[in-house]
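Student: pasting a predicted model and its sequence here:
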Amino acid sequence: MGLDPDVISRVVEEAGAGDFTLDEFQREPDPRIREAFDVAVASRRATGVDEFGDDDWAAVDAHDSVAYVLSPPVSQVTGLDVSRRALAVTAALLANGATAVKNESSGVACGRERWLALASEAAAAGTADDLVGALVRAWVVPVIHDGEVSYSCGMHRTARGFHARPVHRFSVLTRTNSEPAIKKS
């Protein structure tokens, strides 16, 4: 079974240490979500950091509900901690039945296994530099060149301790009416 709002709220509360919240829950598929994930994944693909496979696309296409989760405000003082906990919340949601996650604030989507690996890396970081590295890999799209302009997307300033966005906002895809599209590890 997928996640219902009560389960999402509980998982978010526990993994986010009480500071993350379920902002919105839509009990129907969002017809725009495939395109939103495609844009987010394409930006990573352009840099060679695409780990979004067929199972991940199947999870996106099979969603029947969407939850939106908010982090607490991100500041220069809290940026590393909030961003680390955002990864922990992402991993907890995936471990508890979410089928796909996209960070709306940074425009980043990763496949299930990539999110879980990044969350493990951040949790195991032994130094601030290790943590920053994991957070940059999670929340930042490296430099992209569109033929005319070079730019990057994401929460790169937050990961380095500077305020870039007020919060992390995630879209969490779930399947509440059938078996998950991909099996939990």
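Tutor: That came through, no problem. Residues are numbered from 1 along each chain as shown.
Student: contacts and neighbour counts: CA atoms only from here.
Tutor: OK.
Student: so which residues of this protein form strands?
Tutor: In order along the chain, the chain carries the following strands (DSSP state E): 21-26, 65-70, 100-103, 108-109, 140-145, 150-154, 169-174.
Student: could you tell me the least trusted of these?
Tutor: Among these, strand 150-154 has the lowest mean pLDDT, at a mean of 56.
Student: need the CA coordinates for the longest helix anywhere in the chain. PDB is fine.
Tutor: Ranked by residue count under DSSP state H, the longest helix found in the chain is helix 79-95. Extracted C-alpha coordinates of helix 79-95, given in PDB (Å, rounded to 0.1, in the frame of the first residue of the first chain):
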ATOM      1  CA  GLY A  79      21.200  25.600   6.400                       C
ATOM      2  CA  LEU A  80      23.300  22.500   6.800                       C
ATOM      3  CA  ASP A  81      21.100  20.900   9.500                       C
ATOM      4  CA  VAL A  82      17.800  21.500   7.700                       C
ATOM      5  CA  SER A  83      19.200  20.300   4.400                       C
ATOM      6  CA  ARG A  84      20.600  17.100   6.100                       C
ATOM      7  CA  ARG A  85      17.200  16.500   7.700                       C
ATOM      8  CA  ALA A  86      15.500  17.100   4.400                       C
ATOM      9  CA  LEU A  87      17.500  14.200   3.000                       C
ATOM     10  CA  ALA A  88      16.500  12.100   6.100                       C
ATOM     11  CA  VAL A  89      12.800  12.900   5.500                       C
ATOM     12  CA  THR A  90      13.200  12.000   1.800                       C
ATOM     13  CA  ALA A  91      14.700   8.600   2.700                       C
ATOM     14  CA  ALA A  92      12.200   7.900   5.500                       C
ATOM     15  CA  LEU A  93       9.300   8.600   3.100                       C
ATOM     16  CA  LEU A  94      10.800   6.300   0.400                       C
ATOM     17  CA  ALA A  95      11.400   3.600   3.100                       C
END
